[in-house]
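Asks: Here is the input, now give the coordinates:
(chains A and B)
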Amino acid sequence: MLLEVRDLQVEFRTRDGVAKAVNGVTYSVDEGETLAVLGESGSGKSVTAQAVMGILDMPPGKITGGEILFQGKDLLKYKEEERRKVRGAEMAMIFQDALSSLNPVINVGDQLGEMFTVHRGMKRKEARAKAIELMEHVRIPGAAERVRDYPHQFSGGMRQRIMIAMALALEPALIIADEPTTALDVTVQAQVMDLLAELQRELHMGLILITHDLGVVADVADKIAVMYAGRIVETAPVHDIYKAPAHPYTRGLLDSIPRLDQKGQELYAIKGLPPNLMHIPPGCAFNPRCPMAQDVCRTEVPPLFEVDADRGSACFFWRECLDDASRD
Amino acid sequence: MPEQPPYEEEAHHHGPEGPPPEDLAIAPTGFGGTMDLGTSEAETLEKTPGGPEGTGPREKPRSLWSDAWRDLRRNPVFIISGLVILFLVVISIWPSLITDQSPLKCDLSKAQQGSQPGHPFGYDGQGCDVYTRTVYGTRVSISVGVLATIGVALLGSFLGGLAGFYGGMGDAILSRITDVFFAIPVVLGGLVLLSVVTSNTIWPVVGFMVLLGWPQVSRIARGSVITTKENDYVHAARALGASNSRMMLRHITPNAVAPVIVVATIALGTYISLEATLSYLGVGLKPPTVSWGIDISSASAYIRQAPHMLLWPAGALAITVLAFIMLGDAVRDALDPKLR
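Replies: You can find the predicted model right below:
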């Protein structure tokens, strides 16, 4: 396994109390595999990724338990300096908004080249040549002329390509993409996603794709982990989940996608709001919003039941859920 | 859409129609990097006649600094204040360019006399040539102002920058220390601290200004670093393996330095007037150093009999301070269009 996150727990200690952002997340990614982490804002998907990267702001954040095994070694036991050498070279991250993720006062060639000067000790001139090569690799037209341009001179899609190039510069084994297409036009989204998937195949990297866009996921992911209130509520190979969700929350998400064949009908929405992470409801965190909730859901926290060899659901009634889905 | 040509989205670039007419979307939107995508996409749609990538005459890549410079060159306030300052700097280095006399060669028999041929500003109370003394006074004023500003900017941005970047206890302690310094009245502090100094150089005055001035810059630098370090590109740099020192020097400093430059430029003018104030009170520079403050002080007793002795150095002081403050304003406008 390339990356295994085991029972990760992250808290944020604020003046108003302790927010439990991640409560025992377990997931894994293999080389060449794409894991999509789905969830609403505040479900802990980005925080988990930041913990994996080691860029969580601590304080106020604090990792209170769990392991992050990267190529078999627990990253949480690394010293900060060792950790830093892993970042960028072994694992890299792509952020949501590429404009704000690029330094506005440094031209893109220098920013890309920095990856080589810092990690590989290259000279500036060599690094610039590598930067142009990378820009061509992510298909930025006229790379050689544009290498001295500043980020604001590129369009949104081009900037995200540059971010991708930066993340891939040192051919890391793992890429974490945190909503890489959210800030882009729909047409550009598809291109950027295709590019990312293609480069991933080419370099045989593990990819963790954090998103709340189910449409993006279906095309590129191998497996899915659905998060809710800091826990994984369902994990499954991508096709199984679309065919028949085994958790009422996943079902709610799928039902909330607008569909062409439902023109004129009211769009389904999961009622209620995600829980306040300082006061997560007892039992299953989803129970106040769940149409299937029973008494047991309000008192006991459901473990991740094994639905299948490679599939799990944190719902006491996953069987009913699957049955419902197959009846529809 | 599987069959579309690969690059529908065109990069932001002005094609062969030449330089764009005052386009807003490409103009720098400050160092926060907060240009919203809305604007940029709209701009992309507007520029339909743009040619394919990499053809036609390319505009030069523009950084924040080159943009600021372009703005400055068009700003009459900058041009006027810049020329005045250039003139002042030149004569402070080579005062003999515009006067061939010595400021220390005085003739008591001519004391307090008015304008005469060859001595356009007249004579002061000691019979020294006011014109020559005013010219030579530039050197002290400019040196004190520039040195104090450099000291304040370096010390203040160093301490404030570190406090802002690391936060925590060090930051809390530094913030309280700056509060203490802010509470010290400058003139009173000068009277107390400088009255015990006997040195005849400008260094005690410069040192005093740095001591009392750094908290102002430190506070600005701290705030600026705190805002800048929350930017995504700093997080991104960290996620790609940048060390703390690299993040500070390469990603935060260039983006956080503009407010410090602005404050420092404006402060330069006030340090010059502070030097004059302290010299006037007798605790700043001391004769035989030639300083506007000293001359104003000695002339003030005779303002009714011989006002010219006071007006010329005071006028020079006013023009110098004004020039630096105007320059600071112009620099601020150029570096941070949002502040306008």
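Asks: Only C-alpha atoms from now on, for both contacts and neighbour counts.
Replies: Fine.
Asks: Report whether A:Arg6 is found in a strand, as I expect.
Replies: Yes: judged by DSSP: H, G, I helix; E, B strand; the rest coil, A:Arg6 forms part of a strand.
Asks: Isn't it up against A:Gly65?
Replies: No: using CA atoms under 8 Å, A:Arg6 makes no contact with A:Gly65, being 9.0 Å away.
Asks: Tell me where chain A has strands.
Replies: Ranges of strands in chain A, per DSSP state E, are A:3-14, A:17-29, A:34-38, A:61-70, A:73-74, A:91-94, A:174-178, A:206-211, A:223-228, A:231-237, A:305-308, A:311-313.
Asks: May I see those organised as TSV, with mean pLDDT, distance to A:Asn107 and mean neighbour count added?
Replies: Output for the strands of chain A, formatted as TSV (pLDDT from 0 to 100; distance: least, CA to CA, whole Å; neighbours: other CA atoms under 10 Å in any protein chain shown):
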stretch	mean pLDDT	distance to A:Asn107	mean neighbour count
strand A:3-14	86	33	20
strand A:17-29	85	34	20
strand A:34-38	89	31	28
strand A:61-70	85	33	19
strand A:73-74	84	36	14
strand A:91-94	87	18	27
strand A:174-178	88	23	25
strand A:206-211	88	28	25
strand A:223-228	90	37	25
strand A:231-237	88	40	26
strand A:305-308	84	50	14
strand A:311-313	87	46	23
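Asks: right, and those - which one's nearest B:Val234?
Replies: strand A:91-94 (12.6 Å; CA to CA).
Asks: Contacts for that closest one, please.
Replies: A:53, A:163-164, A:167-168, A:172-178, A:180, B:236, B:239-240 (CA atoms under 8 Å, 6 or more residues apart in numbering or on different chains).
Asks: Stretch A:48-65 too?
Replies: A:5, A:7-14, A:22, A:25, A:47, A:68, A:75, A:83, A:87, A:91-93, A:176, A:178, B:235, B:238-239.
Asks: Same check on stretch A:194-210?
Replies: Outside stretch A:194-210, the residues touching it (CA under 8 Å, 6+ apart) are A:2, A:29-38, A:45-46, A:138, A:164, A:171-179, A:220-221.
Asks: try 7 Å this time
Replies: The contact list for stretch A:194-210, computed with CA atoms under 7 Å, 6 or more residues apart in numbering or on different chains, reads A:29-38, A:45, A:173-179, A:220.
Asks: next one: stretch A:288-305
Replies: Contacts of stretch A:288-305 (CA under 7 Å, 6+ apart): A:248, A:271-272, A:282-284, A:287, A:312-316.
Asks: which of the residues in that stretch are buried?
Replies: Neighbour counts over stretch A:288-305 (16 or more other CA atoms under 10 Å in any protein chain shown) mark A:288-290, A:293, A:297-298, A:301-302, A:304-305 as buried.
Asks: Can you give me every residue that contacts the residue nearest the centre of chain B?
Replies: Nearest residue to the geometric centre of chain B (CA atoms, centre = their mean): B:Thr265, 1.3 Å. By CA under 7 Å, 6+ apart, B:Thr265 lies in contact with B:324, B:328.
Asks: Please identify which helix or strand holds it.
Replies: B:Thr265 belongs to helix B:253-280 when elements are defined using DSSP states H and E.
Asks: roughly how far out does that helix sit from the chain middle?
Replies: 5 Å (CA atoms, centre = their mean, to the nearest Å).
Asks: One more: stretch B:317-328?
Replies: Distance, centroid of stretch B:317-328 to centroid of chain: 10 Å (CA atoms, centre = their mean).
Asks: Chain A against chain B: which residues are in contact?
Replies: Contact residues (CA under 7 Å from any CA of the partner chain) of chain A with chain B: A:53, A:55, A:84-85, A:87-88, A:92-93, A:100-105, A:141-142, A:145, A:148-150, A:152-155, A:158, A:167, A:188.
Asks: Now the buried members of those.
Replies: Buried members of the residues of chain A next to chain B, counted by 16+ other CA under 10 Å: A:53, A:55, A:84-85, A:87-88, A:92-93, A:100-105, A:141-142, A:148-150, A:152-155, A:158, A:167, A:188.
Asks: So which of these belong to helices?
Replies: When DSSP state H is applied, those are split such that A:53, A:84-85, A:100-101, A:158, A:167, A:188 fall in helices.
Asks: quick check, nearest of these to chain B?
Replies: Taking CA to the nearest CA as the measure, chain B lies nearest A:Ser101 of those, at 3.8 Å.
Asks: Secondary structure element holding the closest residue in space to that closest one that isn't next to it in sequence?
Replies: Leaving aside its chain neighbours, A:Ser101 sits nearest to B:Tyr233 (3.8 Å; criterion: CA to CA, 6 or more residues apart in numbering or on different chains). Using DSSP H and E, B:Tyr233 sits in helix B:232-239.
Asks: Heading C-terminal from that helix, find the next helix or strand.
Replies: Next in sequence after helix B:232-239, counting helices and strands by DSSP H and E, comes helix B:244-246.
Asks: Any part of that next one near chain A?
Replies: No: with CA under 7 Å from any CA as the criterion, chain A is not reached by helix B:244-246; the gap is at least 9.1 Å.
Asks: Report the distance from that helix to the chain centre.
Replies: Per CA atoms, centre = their mean, the centroid offset for helix B:244-246 relative to its chain is 27 Å.
Asks: Residue ranges in the chain under the pLDDT threshold?
Replies: Since you didn't name a chain, this refers to chain A. Scanning chain A for pLDDT under 70 picks out A:262, A:327-328.
Asks: The intended chain is chain B.
Replies: For chain B (pLDDT under 70), the answer is B:1-64, B:114, B:336-340.
Asks: Mind jotting down where the strands sit in it?
Replies: Under DSSP E, chain B gives no strands.
Asks: which one's the longest helix in chain B?
Replies: helix B:130-166.
Asks: and that helix, what other elements does it pack with?
Replies: helix B:76-93, helix B:168-182, helix B:203-229, helix B:253-280 (3 or more CA pairs under 7 Å, 6 or more residues apart in numbering or on different chains; DSSP states H and E).
Asks: domains of chain B?
Replies: B:1-62, B:69-339 (automatic domain parsing).
Asks: So which residues on the stretch 101-250 of chain B come close to chain A?
Replies: B:231-233, B:236, B:238-241.
Asks: rewinding a little: and B:Gly293, which of the helices and strands packed on helix B:130-166 is closest to it?
Replies: Ranking the helices and strands packed on helix B:130-166 by proximity to B:Gly293 (CA to CA) places helix B:253-280 first, at 3.8 Å.
Asks: now the angle from the closest one to helix B:130-166?
Replies: For helix B:253-280 against helix B:130-166, the angle by axes from the mean of the first three to the mean of the last three CA atoms, to 10 degrees is 140 degrees.
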